[in-house]
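> A predicted structure for the sequence below; I have some questions about it.
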Amino acid sequence: MPQPPDSFRVTFDPVGNGSLHVEPPIPADGFVPAGTVLRLTATPDAGFAFDSGYYAQPGVWGKMFHESMTPAFEVVVDCDKILGASFVRADELAGFSVRHDIVYAQPGRKKLCYDVFTPDGAKNLPIIAIIHGGAWISNNQHIMRGLAREWVRHGDCVVCSLDYRWLGNGDGDTTPNTMADLIEDIFGALAHLLEHAAQYGGDPSRLALTGDSAGGHLSAVAAVMTNRIGSRGFGRTRGIHEFLPGYLPSNTNPDDFRHELTRAIRGVAPSYGAFGVPVLSRFLKDEPIRTVEAVSPEVNIPPGTERSIPHFMVRGTEDTLIGHADVESYAEALRAAGQPVEYLQVPGAGHAFFDWKPDPRTRATFQRFGVPAAARLKAFFDRVLA
């Protein structure tokens, strides 16, 4: 059947363990007039709980999911879209609460948010902050919720998942975002998190960082480069590359926050990330070498005698994006600086196995590789946060 003018095809992914209701109903031929606002409601079956509602369309890595963390949501038909909803066993969400989309800054078009996972009855618990991946140009904090659930259900930590701007114009900003902008976002998110830690049941003096892929890079930067928090700007003056956090409490200056964050961070677990100049240059090919060096954690490791930053490195043996040599180079640089480091290679795992998405393949990968590796990371966090 030919496609009617000014319309797009809307289809559905199979929905298991619940249902998805759409208003107005989708016509039998699947074609919906452009601009139509669809109102969706996801309802779990008995014994299950809502995980997310979504629409999917082509994206950077093939099928891109745009998820809602509320069961009633709207979708505007402006291209061909696939609608769906995912559900999990109710007991998987028991024992903790989640606060989604806490806004910490809005430097551009997109509101920058984080999610907080808090065990029931939490008070003065250590905090683990997760930074998502996606080549710095895709995804948001929701993609790390599977990992956050693995840790928060132990009841002995608060877990936070951070979002940040995308490189370039992907967020719709007129002025392209730089890597320095993204790093300033992360420092701003951490400033907001520590400021409000008590409200989440957390202890702002005990913080561990982690992230995967692009988030592995950003978590390593945030851990080892706190000394570069300042107000003099990034590259505006030759030889000066400082990061002004995208958010600071009204009674806090960059120097105060630099000292607070440096004292709070007890360790970092960056997974399959880009750490050195050679691998970072593949993604920042238009940037001068001094700029790449200025955002490379491998180049900016402080001596262990000055400040100890325990690392737990993770990579899958079948990862074709980040090689063993890339991770080992950073690990060796850490050892040379006198920093404690552990390196876990996960047999058979590829890239991004800590991600959580609605599709069965991603979930199965997380269950097979992410869950056991998450347990190893949790043991590391327990040691450094004690």
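That came in fine, so what should we check first?

> Break down this structure into its helices, ranges please.
In the chain, the helices defined using DSSP state H lie at 145-152, 179-195, 214-224, 254-264, 277-283, 289-294, 324-336, 360-365, 371-385.

> Looking at these, which is nearest to Ala56?
Closest to Ala56 of those is helix 360-365 (Cβ to Cβ; 12.0 Å). C-beta coordinates here come from the backbone N, C-alpha and C atoms, glycine included.

> Using CSV, write out every CA atom in that closest one.
Provided in CSV are the C-alpha atoms of helix 360-365 (Å, rounded to 0.1, in the frame of the first residue of the first chain):
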residue,chain,number,x,y,z
PRO,A,360,15.6,-8.5,24.7
ARG,A,361,19.1,-8.7,23.2
THR,A,362,20.5,-5.8,25.4
ARG,A,363,18.8,-7.2,28.5
ALA,A,364,20.3,-10.6,27.9
THR,A,365,23.7,-9.2,27.4
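
> Mean confidence (pLDDT) on that helix, please.
Helix 360-365 carries an average pLDDT of 95.

> Can you point out the buried residues in stretch 306-320?
Applying a neighbour-count criterion of 16 or more other Cβ atoms under 10 Å, one finds 309-316, 319 buried in stretch 306-320.

> tell me the contacts of Ala337?
Ala337 sits next to 301-304 when contact means Cβ atoms under 8 Å, 6 or more residues apart in numbering.

> Just want the most central residue of the protein.
Centroid check for the chain by Cα atoms, centre = their mean gives His132 as the closest residue, at 1.8 Å.

> Verify the contact between it and Trp166 for me.
No: using Cβ atoms under 8 Å as the test, His132 is too far from Trp166 to be in contact (11.1 Å).

> Okay, now the unreliable bits of the protein?
Along the chain, segments meeting pLDDT under 70 span 1, 59-62.

> Could you count how many residues lie near Ala208?
27 (other Cβ atoms under 10 Å).

> Please report how far Pro303 lies from His66.
Taking Cβ to Cβ, to the nearest Å as the measure, Pro303 falls 44 Å from His66.

> More neighbours: these two, which one.
The neighbour comparison of Pro303 against His66 (other Cβ under 10 Å) goes to His66, with 16 against 11.

> Just give the nearest non-adjacent residue to Asp355, would you?
Leaving aside its sequence neighbours, Asp355 sits nearest to Ile143 (Cβ to Cβ, 6 or more residues apart in numbering; 5.3 Å).

> Count the neighbours of that neighbour for me.
Neighbours around Ile143, by other Cβ under 10 Å: 25.

> Let me see the contact set for it.
So Ile143 contacts 132-134, 355-357 (Cβ under 8 Å, 6+ apart).

> Now with 7 Å, please.
132, 355-357 (Cβ atoms under 7 Å, 6 or more residues apart in numbering).

> Ok, Val341 next?
Val341 neighbours (Cβ under 7 Å, 6+ apart): 311, 313, 331, 334-335.

> would a markdown table of those residues with distance to Arg376 be doable?
Shown next, in a markdown table, are those (distance: Cβ to Cβ, whole Å):
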| residue | distance to Arg376 |
| --- | --- |
| His311 | 13 |
| Met313 | 11 |
| Ala331 | 16 |
| Leu334 | 18 |
| Arg335 | 19 |
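
> Spatially, which two of the residues you listed are the most separated?
Met313 and Arg335, at 11.2 Å, using Cβ to Cβ across the contacts of Val341.

> Run through who's touching stretch 40-55.
Outside stretch 40-55, the residues that reach it (Cβ under 7 Å, 6+ apart) are 17-22, 65-69, 71-73, 75, 81-90, 93, 358.

> I'm done for today, thanks for sticking with me.
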